[in-house]
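Fold the stuff below for me.
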Amino acid sequence: MAVSRPGLIVAAPRSGAGKTTIALGLMRAFARRGLVVQPFKCGPDYIDPAFHAVAARRPSCNLDTWAMSESTLAALVSRDAGSTDLAIVEGVMGLFDGAAGEGQAGRGSTADLAVLLGWPVVLVLDVAGQGETAAAIAAGCAHYRDDVPVAGVILNNVASPRHLDLIAPAFERVGISLFGTVRRDQKLALPQRHLGLIQAVETAEIDRRLDQFADVVEAAVDLEQVRGCARASRLVAASTAVVSPCVVSPPGQRIALAQDRAFSFVYPHLLARWREAGAEILPFSPLADQPPDSACDVVWLPGGYPELHAGALAAAGRFQSGLRALAGRGVAIHGECGGYMVLGQGMVDQSGQRHAMAGLLSLETSFAQRRLHLGYRRARLGSACPLGAAGGEIFGHEFHYASVLANGDEPLVECRDAAGKAVPEAGARRGTVSGTFFHFIDRQQT
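Predicted structure coming up:
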């Protein structure tokens, strides 16, 4: 039978309130106490889950109500949290912030996930420059939707005991529990770049930093009160029989997967499903000038930060010739976002210098003038590729700053945003080589 251990969701009224650092501190603090902690991330994100995995010493997984079906969500929670002591989800943006339209199981908001799973919300409030207004914000979040259970609040950026004295009585009046108060502390910060935090693998002394987060949280937060609010998932409990997470077939039997600092954005749930379905994943590093395994039957180039390594990728002759040899043999090759750009003719970096890429697609891209492309994508495949069969509908997410200078290949998809509006993103296909700017998350469930 499907099983779910207790879980909770760390959320905030807005981005930048400190939910990432508080969530990481909670994960590491509970893990240091000997609990098996299962981390999750609400919504489409690659960077936060990598930090979760280090903090909790267990791989994190994305849960996305817009892009994922209820069966997918139930399968992932049952599989990953079923044998743990506590599941902790880091929310996305503000608690109620979601897409403009309904997806497969909701609008992608943290609130939608809380309702679907039945896991309570621990609200992180940045109270810098605030007094009892903080309680009004918490009360608004607690009562805006009656179906969203707010269990308690952690105050962040409390300036002094006097500052707390101005805030705490108001929480007693509105009847919302204070789980802890975190003082203003520069140690609770992580470096950032244009797509969010610097990646976990690039963060100096990451374990020491996460231990600092845990030290702060342990000293400031009632951990037993936080753990005591966790509840089993009603979505998993309502699922009948054994829930199988293998709802997305692997794109091949032997999958050559690019993995290094330039190609790190691949969703853990996809890799887990591919392995569970019996596929063999063969990692290789383009930055180390390694070619994909010549015996593979599909190559997958994830997104990441190829623009930061464009010169090294342009000089990686063994990598590029290996790709071209496989394409010449009719092996399927697919690139997502950064991987898609590397399959193109060339890439212009932020300084304006052009670097020759693999040349398997006609795509030319530039970062010289940054332009944000962001949002959910619902796409219908015009032809078969590693993403699925022709005519299939898939769900994903686009987030990049590249501009398209040229793209003369056959479109791969017909793409719409969360509101159903057509978007320019069409991907590209030439022979067995394909690519999209959006990252694939799940398929349409019937």
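
CA only for contacts and neighbour counts going forward, please
Will do.

what ranges do the helices span in the stretch 301-446 of the chain?
Applying DSSP state H, counting those that start in this stretch to the stretch 301-446 of the chain gives helices spanning 310-314, 317-328, 338-342.

Actually, the stretch 1-150 of the chain.
For the stretch 1-150 of the chain, the helices defined by DSSP H, counting those that start in this stretch occupy 19-32, 47-56, 70-81, 110-117, 133-144.

What lies in contact with the shortest one?
Outside helix 110-117, the residues that touch it by CA atoms under 8 Å, 6 or more residues apart in numbering are 9, 11, 42-43, 63-65, 91-92, 94-98, 106, 120-121, 147-149, 233-236.

Would you list the buried entries among these?
9, 11, 42-43, 63-65, 91-92, 94-98, 106, 120-121, 148-149, 233, 235-236 (16 or more other CA atoms under 10 Å).

now, which of these lie within strands?
Using DSSP state E, 9, 11, 42, 63, 121 are the members of the buried ones among the contacts of helix 110-117 that sit in strands.

for the protein, which spans come out with low pLDDT?
1-4, 186-187, 189-204, 237-247, 446 (pLDDT under 70).

Recalculate using a threshold of 50.
Scanning the chain for pLDDT under 50 picks out 1, 193-195, 197, 240-243, 245-246.

Could you name the residue of it that is farthest from its center?
Arg162 (38.3 Å; CA atoms, centre = their mean).

doesn't it fall inside a helix?
Yes: under DSSP: H, G, I helix; E, B strand; the rest coil, Arg162 sits within a helix.

Out of the helices of the stretch 1-150 of the chain, which gets nearest to Pro386?
For the helices of the stretch 1-150 of the chain, the distance to Pro386 is smallest for helix 70-81, at 19.5 Å, taking CA to CA.

host element of Phe179?
Element membership of Phe179 [criterion: DSSP states H and E] is strand 178-183.

if we look at that strand, which residues are touching it?
152-160, 164, 168, 171, 216-217, 220-223, 225-226.

Name the residues that touch stretch 286-298?
With contact meaning CA under 8 Å, 6+ apart, stretch 286-298 is reached by 251-262, 282-285, 299, 309, 312-313, 316-323, 326, 331-334, 386.

One more pass at 7 Å, please.
Surrounding stretch 286-298, the residues in contact under the criterion CA atoms under 7 Å, 6 or more residues apart in numbering are 251-256, 258, 260, 284, 312-313, 316-319, 322-323, 331-333.

C-alpha coordinates for that stretch, CSV please?
Taking C-alpha atoms only, stretch 286-298 is exported to CSV below (Å, rounded to 0.1, in the frame of the first residue of the first chain):
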residue,chain,number,x,y,z
PRO,A,286,31.4,17.9,-21.8
LEU,A,287,33.5,20.3,-19.8
ALA,A,288,36.1,17.5,-19.4
ASP,A,289,35.8,17.0,-23.2
GLN,A,290,34.3,13.6,-22.7
PRO,A,291,32.1,12.3,-25.6
PRO,A,292,28.8,10.5,-24.9
ASP,A,293,29.1,6.8,-24.7
SER,A,294,29.2,5.4,-28.3
ALA,A,295,26.9,2.5,-27.3
CYS,A,296,24.1,4.7,-26.1
ASP,A,297,20.7,4.9,-27.8
VAL,A,298,19.9,8.4,-26.7
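
buried ones in that stretch?
Across stretch 286-298, burial judged by 16+ other CA under 10 Å covers 286-287, 289-293, 296-298.

from those residues, which ones fall inside helices?
Assignment to helices by DSSP state H places none of the buried residues of stretch 286-298 there.

Just flag the most distant two among the residues you listed.
Longest distance between any two of the buried residues of stretch 286-298 is 21.6 Å, between Leu287 and Asp297; criterion CA to CA.

returning to that earlier point: please identify the deepest-packed of the helices of the stretch 301-446 of the chain.
Mean neighbour counts were taken over these using mean count of other CA atoms under 10 Å, and the top value, a mean of 28, falls to helix 338-342.

Measure how far it is from the centre of its chain, please.
With CA atoms, centre = their mean, to the nearest Å as the basis, helix 338-342 stands 19 Å off its chain's centre.

okay, it in CSV with CA atoms only?
Output in CSV follows, covering the C-alpha atoms of helix 338-342 (Å, rounded to 0.1, in the frame of the first residue of the first chain):
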residue,chain,number,x,y,z
GLY,A,338,21.4,25.3,-22.2
GLY,A,339,21.7,21.9,-23.8
TYR,A,340,19.5,23.1,-26.7
MET,A,341,21.8,26.1,-27.2
VAL,A,342,24.9,23.9,-27.2
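
Count the neighbours of Arg208 for me.
The number of residues packed near Arg208 is 10, by other CA atoms under 10 Å.

Whichever strand or helix holds it vs helix 19-32, what angle?
Per DSSP H and E: Arg208 is located in helix 206-220. Angle, helix 206-220 to helix 19-32, by axes from the mean of the first three to the mean of the last three CA atoms, to 10 degrees: 90 degrees.

distance of Met357 from Gly346?
5 Å (CA to CA, to the nearest Å).

sorry, that was for Leu235
Leu235 is 46 Å from Gly346, by CA to CA.

Same question for Ala23.
Note on Ala23: its distance to Gly346, by CA to CA, is 40 Å.

What of Gly108?
Taking CA to CA as the measure, Gly108 falls 35 Å from Gly346.

what about the two, which has more around it?
Gly108 (29 against 24).

Could you pull up the contacting residues of the closest residue to Ala389 other than its chain neighbours?
For Ala389, ignoring the flanking residues on the chain, the nearest one in space by CA to CA, 6 or more residues apart in numbering is Ser383 at 6.7 Å. By CA under 7 Å, 6+ apart, the contact set of Ser383 is 389-390, 412.

can you check Val433 too?
Neighbouring residues of Val433 by CA under 7 Å, 6+ apart: 327, 332-334, 360.

Check the ones in strands among the buried ones among the contacts of helix 110-117 and tell me the two furthest apart.
Greatest spatial distance in these: Leu63 and Val121, 15.2 Å, computed using CA to CA.

Break this protein into its domains for me.
7-238, 254-443 (automatic domain parsing).

between the ones in strands among the buried ones among the contacts of helix 110-117, which is nearest Ala272?
Comparing these against Ala272 with CA to CA places Leu63 closest, at 14.1 Å.

contacting residues for the closest one?
Each residue near Leu63 by CA under 7 Å, 6+ apart is listed here: 40-43, 73.

With Ala74 instead?
235-236.

Use 21 as the first number for this chain going forward.
Sure thing, new numbering starts at 21, so read that last one as Ala94.

quick one: Ala190 and Ala154, what's the gap?
8 Å.

Please say which of these two ends up with more neighbours.
Ala154 (20 against 17).

Tell me what Trp320 is bridged to.
Trp320 has these beta-bridge partners by DSSP bridges: Leu277, His354.

try Arg398
Per DSSP bridges, residues listed as beta-bridge partners of Arg398: Phe415, Arg436.

Report the separation between it and Met88.
Distance check for Arg398 against Met88: by CA to CA, it reads 11 Å.
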